[in-house]
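Sequence below, structure please.
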Amino acid sequence: MADLLFIVSRTEPKRYMYLRHVYADESRDVILDRRGGERRQSWRQPPVERRHVERRHRDITRELASSGWALVTRPAAK
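Residues are numbered from 1 along each chain as shown. Take a look at the predicted model:
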């Protein structure tokens, strides 16, 4: 698994293809942003929150909007 991850905005398919080509043999993965918003559709809060911590370590929304991509590090495997 790659130690660095390029996340490319869904509005930048050409940049995605370019980065995939450039880093094909490197220790970097390139993926399209898969976030589509919150999955919960109800306005009510669930009776018990099952997540104990936020899974995302850094909010990359602004980076994707301004530059079309973000570079993040993956945590070490346990």
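
Give the bridge partners for the nearest residue to I60 once chain neighbours are set aside, please.
If the residues on either side of it in the chain are set aside, I60 comes closest to A70, at 3.9 Å by Cβ to Cβ, 6 or more residues apart in numbering. No exception for glycine: its C-beta is placed from N, CA and C like everyone else's. On the basis of DSSP bridges, A70 is bridged to I7.

how many other residues sit next to A70?
The burial count assigned to A70 is 19, neighbours taken as other Cβ atoms under 10 Å.

So it sits against I7, correct?
Yes - applying Cβ atoms under 8 Å as the test, A70 and I7 come out as touching, 4.9 Å apart.

so what sits against both of those two?
Contact criterion Cβ atoms under 8 Å, 6 or more residues apart in numbering; residues shared by A70 and I7: 60, 64.

biggest helix in the chain by residues?
Secondary structure of the chain read by DSSP state H shows that its longest helix is helix 13-22.

which residues are contacting the following helix or strand past it?
Along the chain past helix 13-22, the next helix or strand (assigned with DSSP states H and E) turns out to be strand 28-32. In this structure, residues lying in contact with strand 28-32 by Cβ under 8 Å, 6+ apart are 1-10, 13, 16, 19-20, 23.
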